[in-house]
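> sequence first, predicted coordinates after that:
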Amino acid sequence: VQYQPAKNTFLVPYQHLEEYKTTNLDNYFIMKHYGTVFDINSETYVLDDLGDSWKILSVITTKETVVIPESYNGKNITQIDSNAFISASSVKNITLPRYYSYFEDLAFNQAASLENISVDANNTKFTAVNGVLYSKDMKELIYYPSKKSDETFTISNDVYVIRSYAFAGNDYLKNLVVGS
């Protein structure tokens with residue numbers, strides 16, 4: 001059985017618990033340190049070492065805008081794990097780095113306030129248009145942010161694949177138009 005934290009629960013590495021006790025967060029769940037932890041720009045990242053790159057296991061922040069760092073300790077950050085934003089429910093804007101190359105279907109599943117995604121212009125795998133994440137060639141619609149407030153969205157004729165969970169959690173979207 002996998003632990004499912006209550007809404008607004010923050011997963012906090014035990015070595016960072018004290019700093020989060022001073023914020024207005026209501027619930028705490030202490031996770032055992034299971035990755036490399038580093039802090040940058042008031043954000044805490046828990047990383048999994050993939051050998052030649054890093055995978056983000058968890059992002060812990062109370063900020064509204066997060067720019068995922070390109071690298072840590074000489075290796076690129078290339079992936080974000082499913083549910084990595086469970087401890088970052090305040091994040092409204094995410095910018096993905098140049099070397100980000102693999103999207104897990106539920107990477108933004110717990111990004112409960114996400115309105116906009118942007119991608120470094122030099123990224124060769126992904127792009128974002130009007131806050132929506134696509135493959136670089138625009139043939140795959142990957143993720144439509146859960147709190148993007150548009151009621152209607154038009155899917156381009158160029159899109160051939162819509163990823164699983166691409167529209168998961170969006171309560172505003174009422175109409176999908178296929179083609180223009």
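Okay, I see it.

> model confidence score at the residue nearest to Gly131 when sequence neighbours are not counted, please.
Closest residue to Gly131 apart from its sequence neighbours, by Cβ to Cβ, 6 or more residues apart in numbering: Asn116 at 3.8 Å. All C-beta atoms are positioned from the backbone trio N, CA, C, and that covers glycine. Note for Asn116: predicted pLDDT of 97.

> then Ala6?
43.

> ok, Val177 next?
93.

> which elements pack onto the helix or strand it falls within?
Secondary structure from DSSP states H and E places Val177 in strand 175-178. Counting contacts by 3 or more Cβ pairs under 8 Å, 6 or more residues apart in numbering; DSSP states H and E, strand 175-178 packs against strand 152-155.

> what sits up against the very next helix or strand once past the strand it packs on?
From strand 152-155 onward toward the C-terminus, using DSSP H and E, the following helix or strand is strand 161-162. By Cβ atoms under 8 Å, 6 or more residues apart in numbering, the residues outside strand 161-162 that reach it are Lys139, Glu140, Leu141, Ile155.

> tell me the mean pLDDT over strand 161-162?
Strand 161-162 comes out at a mean pLDDT of 94.

> likewise for stretch 55-63?
On average, stretch 55-63 scores 89.

> the helices in the protein, which residues?
Taking DSSP state H as the criterion, the chain contains helices spanning 17-21.

> about what we covered before: got the contacts of strand 161-162 as JSON lines, with neighbour count, distance to Tyr72 and pLDDT columns?
Shown next, in JSON lines, are the contacts of strand 161-162 (neighbours: other Cβ atoms under 10 Å; distance: Cβ to Cβ, whole Å; pLDDT from 0 to 100):
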{"residue": "Lys139", "neighbour count": "12", "distance to Tyr72": "31", "pLDDT": "97"}
{"residue": "Glu140", "neighbour count": "18", "distance to Tyr72": "28", "pLDDT": "96"}
{"residue": "Leu141", "neighbour count": "22", "distance to Tyr72": "29", "pLDDT": "96"}
{"residue": "Ile155", "neighbour count": "16", "distance to Tyr72": "35", "pLDDT": "94"}
